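Peer 1: okay, here's the prediction I keep looking at, along with the sequence it came from:
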Amino acid sequence: MAGFFSTLPSVLDQGIIWGIMAIGVFITFRILDFADLTVDGSFATGGCTYAILLSVGFPAAPAFLIAFLAGTLAGLITALLHCYLGIPGILAGILTQLMLWSINLKILGRAILNVANRDSLISLNMSSGVYTTIPIVLGIALAIIILLYWFFGTKFGSSIRSTGSNPDMSKANGININSRKIVALMLSNGIVALGGAILAQFQGSAEINMGRGAIVIGLAAIIIGSTIGAKLSKNFAVSLLFVLAGGIIYFFVYQLIVFFTNEPELLKMLSAIVVAIFLAIPYIKNVYIKNAKAKRQRAKEME
Amino acid sequence: MLSFKNVTKVFYQGTSDQKVALDNVSFTINDGEFVTIIGGNGSGKTTTLNILAGTLNPDRGGVLLNNVDITNMREDQRAKYFARVFQDPQKGTAGNMQVIENLAIAGTKGGKRGFSWYINKNKKAEYAELLKSLGLGLETRMTTKAGVLSGGQRQALTLLMATLRAEPTHKQIIKDYVTFSMGDKEKAREEVTSAYNNAFIEYKGKIKEISKQKGLGFKEKRNLKKQYYKEFDEKVRKYDLTKQILLLDEHTAALDPKTARKVLELTEKIVRENQMTTLMITHNMKDAITYGDRLIMFYEGHIIHDISGDEKKKLTVEQLLKMFDEAERNSVK
């Protein structure tokens, strides 16, 4: 058991990092109502861009920024495919994701690149002591939440929210919905790529497959977060905080499974099952539990 | 003045499902007119409204606003000239957003949506006052998500949103005045710029006088300046030609009779108070007679009757039914 607890700081770190990515997914999935599968590719794009820049001697801060911008470009491709070539959203994301696999390989030049020895943000590296990394990743996450809270509270941000909520009404109120979709997809994938860059720094390496299943983890974090947080507050910033918490819970559960089954080859299947369970919770609550309750209630009243 | 000029719209062209929705239809609606539109299913009423708003493009013909062709304007670009209420109460408001946020979206229509906070104190008070005028108690539920409101409340909110838009800037007003004035454009440009310049010089002169005057406190000066600016602003706004045209597409059809009545009364009130040019589609012949100053009847992509003035006032439901029957008989022949 002691072995399990010693992994907790790393679980917390990973949870927050993937939580940052999940906040990016939140923008498309919840605000824009767009299932964006670009994420699996753009997450790796962020990591690969960051790692290669670091390996040629870039300092961390501009490398993070460029990784973010690389992500926005990935989002732009999906947005253009969807908005101007009429390709359905999910398919546009899959196409971009496939494109990005080749692009990421080109960026990195190899399947995996170790940058542990090029540690610019010293305390962000696992080998330098896991405890010290938490404040930094948490700080980045909170800064992103504050910025997004401001952004989506502005007139422009509101028009993105209304585009997601009701495109017909938005057009009738003079909003160019294509431009809003483009901005939202770019911003979302930029944040996802930033998450990938932070993970590359945290792990000390980037690989072209690091984004596989990212969308699943993102959705899981969002749904876990909203399942717990929905009753507490409807405030936008609070719901973003719960997405972050969702990421942490996801990795905690994940770690539990790894620890007790000790079969790493089952991980992908297990994580899909974890996600399926959390995705199903609201439905089960609504359909089975509530209905059963109502049935019992009716039966009681009939007596 | 809004004109529909020789518009033809064909759906599923070249297939066995081909359907002529509008066949060379023309009409003109004057400023401030309240027009009710009736006709059977598939007669072209909704297509007409959708072409006006830009949701659909006509195959031939076009839409003219004060003789300016706006046919090629995108829906969101011409949205500032039109306000819409749809049949489906869900369609007119963003369900995931609060009542106040919905109003703020409508209140920035046609304006610049920048990076300032979506609402300020003054606007909030203004919207609360407007919600109060609906008499539905919505002013106490401003942070409620629009999605949880009832159908009638959502339609009422949509109607209220239809009256809102961003106040056009002075530059915009001058530009639109030249574009949409009916007569000689050069003359209009001279007229509006000289009027603007005169008002501006007068305003600046008054401001100068204030600063010369002694014995005025800072607060008094500020209030005077505000008042003078308001006078100046009002003078400029007189030249604002772009009033919104209200397009109502069976907006009470999804409501129960009592709520429908309430929403219709509210519609009448809003239209008259704001002197809005209005086109209202309805399936209820009684409403088509009771409301509006003019009635247009569609039949299979044509306008078969266009009744206004005293003749409209004397109309009865029986007469309308007779007209429908006649149209049917003629088309069978």
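Peer 2: Cool, got the structure.
Peer 1: let me see the ranges of the helices in the stretch 51-200 of chain B.
Peer 2: Along the stretch 51-200 of chain B, counting by DSSP state H, counting those that start in this stretch, helices occupy B:75-78, B:99-107, B:121-134, B:151-162, B:170-180, B:185-212.
Peer 1: I'd like those as JSON lines, with mean pLDDT and mean neighbour count appended.
Peer 2: Heads up, the C-betas are built off the backbone N, CA and C, glycines and all. Putting those into JSON lines (pLDDT from 0 to 100; neighbours: other CB atoms under 10 Å in any protein chain shown) gives the following:
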{"stretch": "helix B:75-78", "mean pLDDT": "93", "mean neighbour count": "19"}
{"stretch": "helix B:99-107", "mean pLDDT": "95", "mean neighbour count": "26"}
{"stretch": "helix B:121-134", "mean pLDDT": "92", "mean neighbour count": "14"}
{"stretch": "helix B:151-162", "mean pLDDT": "93", "mean neighbour count": "24"}
{"stretch": "helix B:170-180", "mean pLDDT": "90", "mean neighbour count": "17"}
{"stretch": "helix B:185-212", "mean pLDDT": "89", "mean neighbour count": "13"}
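Peer 1: can I get those helices in JSON lines with distance to chain A?
Peer 2: Formatted as JSON lines, these follow (distance: least, CB to the nearest CB, whole Å):
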{"stretch": "helix B:75-78", "distance to chain A": "5"}
{"stretch": "helix B:99-107", "distance to chain A": "5"}
{"stretch": "helix B:121-134", "distance to chain A": "11"}
{"stretch": "helix B:151-162", "distance to chain A": "8"}
{"stretch": "helix B:170-180", "distance to chain A": "13"}
{"stretch": "helix B:185-212", "distance to chain A": "24"}
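Peer 1: pipe those into JSON lines and attach distance to A:Leu69 per row.
Peer 2: Shown next, in JSON lines, are the helices of the stretch 51-200 of chain B (distance: least, CB to CB, whole Å):
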{"stretch": "helix B:75-78", "distance to A:Leu69": "28"}
{"stretch": "helix B:99-107", "distance to A:Leu69": "30"}
{"stretch": "helix B:121-134", "distance to A:Leu69": "35"}
{"stretch": "helix B:151-162", "distance to A:Leu69": "37"}
{"stretch": "helix B:170-180", "distance to A:Leu69": "35"}
{"stretch": "helix B:185-212", "distance to A:Leu69": "44"}
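Peer 1: nearest to A:Ala60, out of the ones you listed?
Peer 2: Ranking the helices of the stretch 51-200 of chain B by their distance to A:Ala60 (criterion: CB to CB) puts helix B:99-107 first, at 38.2 Å.
Peer 1: which elements pack onto the closest one?
Peer 2: helix A:155-165, helix B:121-134, helix B:151-162 (3 or more CB pairs under 8 Å, 6 or more residues apart in numbering or on different chains; DSSP states H and E).
Peer 1: try 10 Å
Peer 2: Applying 3 or more CB pairs under 10 Å, 6 or more residues apart in numbering or on different chains; DSSP states H and E, we find helix B:99-107 packed against helix A:155-165, helix A:167-172, helix B:121-134, helix B:151-162.
Peer 1: out of those, nearest to B:Thr169?
Peer 2: Using CB to CB, those put helix A:155-165 closest to B:Thr169, at 15.1 Å.
Peer 1: taking helix B:99-107 as reference, get the angle to that closest one.
Peer 2: Angle of helix A:155-165 versus helix B:99-107, following axes from the mean of the first three to the mean of the last three CA atoms, to 10 degrees, is 110 degrees.
Peer 1: is there any residue in helix A:155-165 that contacts chain B?
Peer 2: Yes. Judged by CB under 10 Å from any CB of the partner chain, helix A:155-165 and chain B are in contact via A:Lys155, A:Phe156, A:Gly157, A:Ser158, A:Ser159, A:Ile160, A:Arg161, A:Ser162, A:Thr163, A:Gly164, A:Ser165.
Peer 1: for PyMOL, write the selection for the buried entries among these.
Peer 2: Per 16 or more other CB atoms under 10 Å in any protein chain shown, the buried members of the residues of helix A:155-165 next to chain B correspond to this PyMOL selection:
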select buried, chain A and resi 155+156+157+158+159+160+161+162+163+164+165
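Peer 1: with the residues of helix A:155-165 next to chain B in mind, which one is nearest to A:Lys171?
Peer 2: A:Thr163 (8.8 Å).
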